[in-house]
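test case, fold it:
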Amino acid sequence: MSANLAVRRRLHDDRTTAQRLRDGFDEFARRWPARFAILVFTTLILVLWGLLCLPFASADGSATDPVDALFTAVSSICVTGLSTVDMSTHWSVFGNVAILVGLEVGGIGVLTLASLLGLVVSRRLGLRSKLMAASDTNPSRVHAGPISESQAVRLGEIGGMLATVAGSVLVIEAALTVLIVPRLLIEGLDPWAAIWKGFYFAVSAFTNAGFVPTEFGMEPFEHDPWFLGVLSLGVTAGALGFPVIFGLLRWARVRARITLHVKLTLVTFFGLVVLGALAVLALEWNNAATIGAESPGEKALTATFLSFMTRSGGFSTVDVGQMHGSSLLVMDMLMFVGGGSASTAGGIKVTTLAVLFLAAFAEARGDTDMQAFGRRIPQDVLRLGVSVVLWGATIVAVCTVAILQLTGEPLDRVLFDVISAFATCGLSTGLTPDLPPAGKVILAAAMWAGRVGTVTLAAALAASTRRQLFTRAEERPIVG
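Okay, the predicted model is just below:
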């Protein structure tokens, strides 16, 4: 009898310990959701790093250099696409599967992932988890808590939002795979290899990673409208963002009002694609090392594809390192902006650029409020946008100076690869594989900061939100 009582007490103690750990876990997530999300995100990077360091993760059975394994882990979870090893030959089946899982996890989004993990732990989607998921669709929820203005996705719709995330990932990647596989079969791959690499291409496109799994690279497809069009479609679906997909699905089903966020994202996104294509076409028209030798139609196709890839896609059919400095600068600006909020793309986001433009336009007209599509945009959104740009520019500047000092490479090449890392784009001038270990670590840090998000990072570093109970005297400095 006493033995049974002792067993029951031990079981009770075990349950109590587990419950205590779970309560502590839940309390941490409740009090610091941004820090919790970053912790989850960073832990996943470290787990993938450990897996890629294993000997059987490489094709030749030898252990991968720890710095290269770390860089690949960060690039995978951050869905960047930069690499320091040959992605088509270096990794074994185990390594490639681990990388694909990393791409999927990173594509979902750091805060949405944290919400799903919290859902698994608590077995219910509580208010805090909803707030965390909402913060991935609107950074204002992290920066200033719930706000009164209509959001891209309302709090009560987060369950539907998460279902849309999971459903859209499965449906879009399956559809992309079906469209890509026949082209790979034509290229001579056997059916199983075509399905595997087609799925890899699909995941890489939708998550905006830009990893190329084929040994022959992108060369056979450089003038193929079908293949390039499918990749561009996948990149666009991922880069527009889940709130946009969710909003468009609501509009298609019940003709719900298209929100301001969706309108701003669509207009700015495709406006930048058109402007980028025209700029690359004009600047590279006579460059024999890139598109100069192509026909006018092929030039237009290549320029348009590259413009789509600067939204954070990362695929390229030309040697970016051979492009003119003026073209690299234009692509720097396009990559720095990136794609839509709560998307698989990086950058400061197209809505941030739209808000800054609207603020400048309102100031030029003498308006007191920013307005777009019949809606007023509050001033705290502008402050948030300015903060995002300043944090992003600071990260890019610091990393660029550090790598310039380490390598002595030209500024345009270093700046391009640093912005590509921060914006999790994946395009490269060819500098990244030749960086010293310290340079690779710096680029990995830029990818991490860019994917976590400058707003989330700032919110995580803030100890608490201060409330000021008084107003200081106003005085205007001279600006401009």
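
when you work out contacts or count neighbours from here on, use the C-alpha atoms and nothing else.
OK.

quick one, what contacts residue 274?
304, 307 (C-alpha atoms under 8 Å, 6 or more residues apart in numbering).

so residue 180 sits in a strand?
No - according to DSSP: H, G, I helix; E, B strand; the rest coil, residue 180 belongs to no strand; its state is helix.

give me the element the residue lying closest to it once chain neighbours are set aside is part of.
Spatially, and ignoring its direct neighbours in sequence, residue 180 is nearest to residue 198 (5.5 Å; C-alpha to C-alpha, 6 or more residues apart in numbering). Residue 198 belongs to helix 191-206 when assigned by DSSP states H and E.

same question, residue 102
With elements taken from DSSP H and E, the one containing residue 102 is helix 93-108.

give me the contacts around that helix.
Residues outside helix 93-108 that contact it (C-alpha under 8 Å, 6+ apart) are 48, 51-52, 56-59, 73, 76-79, 113, 165, 200, 203-204, 207-209, 343-344.

burial count for the nearest residue to residue 62 once chain neighbours are set aside?
Excluding the flanking residues, the one nearest residue 62 by C-alpha to C-alpha, 6+ apart is residue 55, at 4.7 Å. The burial count assigned to residue 55 is 16, neighbours taken as other C-alpha atoms under 10 Å.

so, low pLDDT: which residues of this protein?
The model of the chain has pLDDT under 70 over residues 1-19, 21-23, 25-26, 28-34, 109-164, 454-470, 480.

buried residues in the helix holding residue 102?
Using 16 or more other C-alpha atoms under 10 Å as the test for burial, helix 93-108 gives 94-96, 98-108.

report the inter-axis angle for it versus helix 191-206.
Orientation check (axes from the mean of the first three to the mean of the last three C-alpha atoms, to 10 degrees): helix 93-108 against helix 191-206 gives 30 degrees.

helices along the stretch 1-150 of the chain, start to end?
Taking DSSP state H, counting those that start in this stretch to define them, one finds helices in the stretch 1-150 of the chain at 2-31, 33-53, 66-77, 93-108, 110-122, 127-137, 140-144.

could you do the stretch 201-350 of the chain as well?
Counting by DSSP H, counting those that start in this stretch, the helices of the stretch 201-350 of the chain are 225-240, 242-254, 260-283, 296-309, 325-337, 350-365.

using a markdown table, lay out these together with distance to residue 63.
A markdown table is the format used below for the helices of the stretch 201-350 of the chain (distance: least, C-alpha to C-alpha, whole Å):
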| stretch | distance to residue 63 |
| --- | --- |
| helix 225-240 | 33 |
| helix 242-254 | 38 |
| helix 260-283 | 41 |
| helix 296-309 | 33 |
| helix 325-337 | 34 |
| helix 350-365 | 41 |
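
contacting residues for the residue nearest to residue 62?
Contact partners of residue 55, counting by C-alpha under 8 Å, 6+ apart, are 61, 62, 63, 64.

residue 223: what's it in contact with?
Contacts for residue 223 (C-alpha under 8 Å, 6+ apart) come out as 298, 301, 302.

I'd like the distance between it and residue 302.
Distance, residue 223 to residue 302, by C-alpha to C-alpha, to the nearest Å: 7 Å.

try residue 217
Distance, residue 217 to residue 302, by C-alpha to C-alpha: 16 Å.

out of those two, which sits in the busier spot?
residue 302 (26 against 15).

residues near residue 474, how many?
Residues near residue 474, counting by other C-alpha under 10 Å: 5.

wait, a helix at it?
No - Residue 474: not assigned to a helix; according to three-state DSSP it is coil.

residues contacting it?
Listed by C-alpha under 8 Å, 6+ apart, residue 474 has no contact partners.

distance from the helix holding residue 102 to the middle of the chain?
How far helix 93-108 lies from its chain's middle: 14 Å, per C-alpha atoms, centre = their mean, to the nearest Å.

what about dumping the CA coordinates of it to CSV?
Taking C-alpha atoms only, helix 93-108 is exported to CSV below (Å, rounded to 0.1, in the frame of the first residue of the first chain):
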residue,chain,number,x,y,z
VAL,A,93,18.7,13.6,-48.8
PHE,A,94,18.6,14.1,-45.1
GLY,A,95,20.2,17.6,-45.3
ASN,A,96,17.9,18.6,-48.1
VAL,A,97,14.8,17.5,-46.2
ALA,A,98,16.0,19.4,-43.1
ILE,A,99,16.5,22.5,-45.3
LEU,A,100,13.0,22.2,-46.8
VAL,A,101,11.4,21.9,-43.4
GLY,A,102,13.4,25.0,-42.4
LEU,A,103,12.1,26.9,-45.5
GLU,A,104,8.5,25.9,-44.6
VAL,A,105,8.9,27.0,-41.0
GLY,A,106,10.5,30.3,-42.0
GLY,A,107,7.8,30.9,-44.6
ILE,A,108,5.0,30.7,-42.1
